[in-house]
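Asks: just need the structure, nothing else, for what follows:
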Amino acid sequence: MTGKIDQVFIDLALRLADASGPVILDYFRTSLAVEQKDDASPVTRADRETETVLREMLATAAPDHGVLGEEHGSERLDAEYVWVLDPIDGTRAFVNGIPLFGTLIALTQNGTPVLGVIDHPALGERWLGVAGAPSLHWGRGDDGAPVQSRPCGGLDRALLCATSPEMFSSDQLARFQKVSAAARDTRFGTDCYAYAMVASGQTDLVVEAGMQPYDYLAHAVMVTGAGGVITDWQGAALTLKSPGTVLAAGDPKVHAAALQLLSD
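Replies: Numbering: from 1, shown residues only. Model prediction:
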């Protein structure tokens, strides 16, 4: 069971986001070498440098906490508090000059996400979720304004997002396609921005798979704090040990309907 999140941790998370943006933007839309990792996903110097900066800040500010990052591995995962970092979620968008990439910063307590930041430096937007509190948005004239997901009246009226059909196994793709066929519209290429749009009441549903903890833990608190529901495809809450499937919806009824199709 988690308690109230210390303001010190919230302030630290926001400082991490403040530090990441300038590093990333220094490389955005420049001639940057792109490497392929073992899983065929792209990585750049910008990814690695950004995570290094964040880990150095955490080593100073929270030396007893654990860290799990996409680029530089894990430390002290048995600690009560573990920071989970994705320096650039949406590296494919980043290297194509598309500004929908974001930095994901999550904090878990005993494996459960209790804080999440989604920062979009190229767009000048940021979302913060804290367990037990409303999720907040900065940018476009907002200054830490609460966000609220929307009811959409049913799965047949829902707007559905996913990063790519290639993220699904053959069985998962068949399940995803059932949800897509039932929804009003399907949009690919959204990366982490789709979860922010669910929380902000601009879209209705995200269905994804093949995810790692650094891909989904920041979203878990933020979507919930906006009134939405986010689980794996079995309906279980997301943790450090979740299987990598994610279903997020702004409307609990839409989440239930999509979950039924995914689990059939």
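Asks: ok, now which ones touch the residue nearest to residue 106 when sequence neighbours are not counted?
Replies: Using C-beta to C-beta, 6 or more residues apart in numbering and skipping residues adjacent in sequence, the residue nearest residue 106 is residue 217, 3.7 Å away. (Glycine included, C-beta is placed from N, CA and C.) Contact partners of residue 217, counting by C-beta atoms under 8 Å, 6 or more residues apart in numbering, are 84, 104, 106, 108, 113, 116, 238, 240.
Asks: would you turn the residues you listed into TSV with secondary structure?
Replies: As requested, those are exported to TSV (DSSP: H, G, I helix; E, B strand; the rest coil):
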residue	secondary structure
84	strand
104	strand
106	strand
108	strand
113	strand
116	strand
238	coil
240	coil
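Asks: any idea which of those residues is the one closest to residue 131?
Replies: The shortest gap between residue 131 and any of the contacts of residue 217 belongs to residue 113, at 7.7 Å (C-beta to C-beta).
Asks: which residues in the stretch 151-264 of the chain form strands?
Replies: Assigned strands in the stretch 151-264 of the chain, in chain order: 159-162, 185-188, 205-208, 229-231, 246-249 (criterion: DSSP state E, counting those that start in this stretch).
Asks: could I get those strands as CSV with mean neighbour count?
Replies: Output for the strands of the stretch 151-264 of the chain, formatted as CSV (neighbours: other C-beta atoms under 10 Å):
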stretch, mean neighbour count
strand 159-162, 22
strand 185-188, 14
strand 205-208, 28
strand 229-231, 22
strand 246-249, 26
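Asks: for residue 215, see how far away residue 206 is.
Replies: Look at residue 206 and residue 215: by C-beta to C-beta, to the nearest Å, they are 12 Å apart.
Asks: find the residues that touch each one of those two.
Replies: Listed as contacting both residue 206 and residue 215 by C-beta under 8 Å, 6+ apart are residue 246.
Asks: follow-up on the earlier one: make CSV out of the contacts of residue 217 and add distance to residue 177.
Replies: Written out in CSV, the entries for those read as follows (distance: C-beta to C-beta, whole Å):
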residue, distance to residue 177
84, 30
104, 27
106, 30
108, 32
113, 29
116, 29
238, 23
240, 29
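Asks: and the furthest pair within these?
Replies: Based on C-beta to C-beta, the longest span within the contacts of residue 217 runs between 104 and 240 and measures 14.0 Å.
Asks: quick one: which of the two has more around it?
Replies: residue 104 (29 against 18; other C-beta atoms under 10 Å).
Asks: tell me the contacts of the more buried one?
Replies: Residue 104 is in contact with 84-86, 89, 116-119, 192, 214-215, 217-219, counting by C-beta under 8 Å, 6+ apart.
Asks: make it 6 Å
Replies: Contact analysis of residue 104 by C-beta atoms under 6 Å, 6 or more residues apart in numbering lists 86, 89, 218.
Asks: picking up where we left off before, so how far is residue 75 from the residue nearest to residue 106?
Replies: Separation of residue 217 from residue 75 (C-beta to C-beta): 16 Å.
Asks: what of residue 124?
Replies: When distance is defined by C-beta to C-beta, residue 124 is 32 Å away from residue 75.
Asks: out of the contacts of residue 217, which is nearest to residue 93?
Replies: Set against residue 93, the nearest of the contacts of residue 217 by C-beta to C-beta is residue 104 (13.6 Å).
Asks: gap between the closest one and residue 153?
Replies: Between residue 104 and residue 153 the computed distance is 30 Å (C-beta to C-beta).
Asks: need the distance between the two termini of stretch 200-213.
Replies: End-to-end distance of stretch 200-213: 22 Å, with C-alpha to C-alpha, to the nearest Å as the criterion.
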